[in-house]
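Asker: What follows is a predicted structure for the sequence shown.
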Amino acid sequence: MKYYEPRLISLTNATVVTTLYILFVILGALIVSPDALHDLYFILFLIISAALLFAITFLVFRFTLDKFIYSKIRLIYKTIHNIKRKKEEIHSHRIDSRLLEEVGHEVEAWQQEKSREIEQLHQLEQYRREFIGNISHELKTPLFNIQGYVLTLLDGGLEDPSINKEYLKRTEKSIERLIRIVEDLDEIGQLESGQIQLKIIRFDIVGLTREVIDLLEMKAKKRGIGLAINRQEKPVFVEGDREKIRQVLTNLLENSIRYGIEKGRTKISFFDMDEHILIEITDNGIGIEPEELSRVFERFYRAPRGRATFTKGKGLGLAIVKHILEAHQQTVNVRSTTGVGTTFGFTLKKV
């Protein structure tokens, strides 16, 4: 029996009141007439009056608890249940000795649930602030460049043949960068909302990888990075949206080129996983700190090491990769060791 059960509370209080009454009566009798303690009628009176006081006190406390205090507790109990059960009707309106215990458990569970929700809200708020800061940073750079080029042309550069054409070309590049950022954000939004319909077909993932390597060969050579498929001559057929998977491969390989060390290498490997094919892209670049690995797929997130060393990335490529693969109901993961390199791996359904 718990110490906060109503019957025990009433018994305890009635016992305390009755004991105090008996002590006061005996003390009064000792002061007024010590012989009264030997009087049988006095003893009977004391016993009967104490018994009546105990019964009355017990009933009063029990009535008070049941009719006033416990009615309020039942209201709290029902309210918590309604919140937890999305306003599901509560059929139990009982008064029993376990009510306080149940309310205690409900309040504790509710408090833990709300604490988790508050923590999630704090994390979302932190993410929102970082997202707004990052997108502002990404948009300001091309906008300020465009503004500088236009002001230079308006200040007389438009009449200078050695300046006007070059600055117009730079302006065009900055505008293209803005357009790519907006298009990438739009694509992520469509992927998240499920608005993009995938065109699922059967295709050779090895052949597609070779096509992407050919397209990125010049960009890789500028940094002296070699792109190679690891011991894979035969076709490997998978199921998916070929153009979206091309985008996944392009983004991951461009990421390895951007953050790989000069004169380094990037290796693409294929592993048979029964019903799936695992594709891994491994570089020997700067690596990613362990505490940053969980955030690399966030929009606009770039690790401080990468942000300090490289400034050309928009921070959207890996977010797009994640959403494309989730749309395929597949997974993408990353493992990395700083100073050694990084491996991104994703799966596709084998056919």
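Answerer: Structure's in. What do you need?
Asker: how about the helices in the chain?
Answerer: Under the criterion DSSP state H, the chain contains helices at 6-32, 40-64, 70-84, 99-154, 161-193, 205-222, 242-259, 304-309, 317-327.
Asker: If you average pLDDT over each of these, which is lowest?
Answerer: Mean pLDDT per stretch puts helix 304-309 lowest among the helices of the chain, at a mean of 49.
Asker: And the residue most central in space within the chain, how far from Ser162?
Answerer: Central residue check for the chain by CA atoms, centre = their mean: the C-alpha nearest the mean position is that of Gln120, 6.1 Å away. Remark: distance between Gln120 and Ser162 (CB to CB, to the nearest Å) = 57 Å. Where you see a C-beta, it was placed from the backbone N, CA and C, and this is true even at glycine.
Asker: ok so, going back, quick one: which of the helices of the chain is nearest Thr343?
Answerer: Taking CB to CB, helix 242-259 is the member of the helices of the chain nearest to Thr343, at 9.6 Å.
Asker: Tell me the buried residues in the closest one?
Answerer: Residues of helix 242-259 classed as buried: 242, 244-259 (neighbour count, 16 or more other CB atoms under 10 Å).
Asker: follow-up on the earlier one: so which of the helices of the chain comes closest to Phe344?
Answerer: helix 242-259 (5.1 Å).
Asker: Now do that closest one against helix 161-193, angle only.
Answerer: For helix 242-259 against helix 161-193, the angle by axes from the mean of the first three to the mean of the last three CA atoms, to 10 degrees is 120 degrees.
Asker: Alpha carbons of helix 242-259, in PDB - could you do that?
Answerer: Taking C-alpha atoms only, helix 242-259 is exported to PDB below (Å, rounded to 0.1, in the frame of the first residue of the first chain):
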ATOM      1  CA  ARG A 242      18.800   6.800 -64.300                       C
ATOM      2  CA  GLU A 243      19.000  10.600 -64.500                       C
ATOM      3  CA  LYS A 244      18.500  11.000 -60.800                       C
ATOM      4  CA  ILE A 245      21.200   8.400 -60.000                       C
ATOM      5  CA  ARG A 246      23.500  10.200 -62.500                       C
ATOM      6  CA  GLN A 247      23.000  13.300 -60.300                       C
ATOM      7  CA  VAL A 248      23.800  11.300 -57.200                       C
ATOM      8  CA  LEU A 249      27.000  10.000 -58.700                       C
ATOM      9  CA  THR A 250      27.900  13.500 -60.100                       C
ATOM     10  CA  ASN A 251      27.400  15.200 -56.700                       C
ATOM     11  CA  LEU A 252      29.400  12.600 -54.800                       C
ATOM     12  CA  LEU A 253      32.300  12.600 -57.300                       C
ATOM     13  CA  GLU A 254      32.400  16.400 -57.400                       C
ATOM     14  CA  ASN A 255      32.400  16.400 -53.600                       C
ATOM     15  CA  SER A 256      35.400  14.000 -53.700                       C
ATOM     16  CA  ILE A 257      37.200  16.200 -56.200                       C
ATOM     17  CA  ARG A 258      36.500  19.400 -54.300                       C
ATOM     18  CA  TYR A 259      37.700  18.100 -50.900                       C
END
